[in-house]
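A.B. asks: just a sequence and a predicted model for now, questions to come.
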Amino acid sequence: MAEHKPGLIQIIKAVLGAMVGVQSEQQRQRDFSATSPLPFIIAGVIFTLLFVALLLAVVTWALA
């Protein structure tokens, strides 16, 4: 499979699919053929931090 540079939408779809646990085999193959894993790692860290911040906000609101 040829290497390629993933677009922003593809990175977001891949990270959100991985977080939820649903991703097609075709999408997974496309992700692993990317030239560098760095964009996926950065997006994963950002989305994880956003998820934790959202959880903290909901808990703080619920306990108020």
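C.D. replies: Thanks, I have it. Residues are numbered from 1 along each chain as shown.

A.B. asks: ok, residues contacting the least confident helix or strand in the chain by mean pLDDT?
C.D. replies: Every helix and strand of the chain was ranked by mean pLDDT, DSSP states H and E. The lowest is helix 25-32, at a mean of 84. Applying C-beta atoms under 8 Å, 6 or more residues apart in numbering, the contact partners of helix 25-32 are Met1, His4, Pro6, Gln10, Lys13, Ala14, Gly17, Phe40. In short, each C-beta sits where N, CA and C put it, glycine included.

A.B. asks: and the next helix or strand past that helix?
C.D. replies: helix 38-63 (DSSP states H and E).

A.B. asks: which parts of that next one are buried?
C.D. replies: Buried residues in helix 38-63, counted by 16 or more other C-beta atoms under 10 Å: Pro39, Phe40, Ala43, Gly44.

A.B. asks: can you check stretch 4-22 too?
C.D. replies: Using 16+ other C-beta under 10 Å as the burial criterion, the residues of stretch 4-22 that qualify are Pro6, Gln10, Ile11, Lys13, Ala14, Val15, Ala18.

A.B. asks: how close does the residue most central in space within the chain sit to Val52?
C.D. replies: Nearest to the geometric centre of the chain sits Val15, at 1.7 Å (C-alpha atoms, centre = their mean). According to C-beta to C-beta, to the nearest Å, Val15 stands 15 Å off from Val52.
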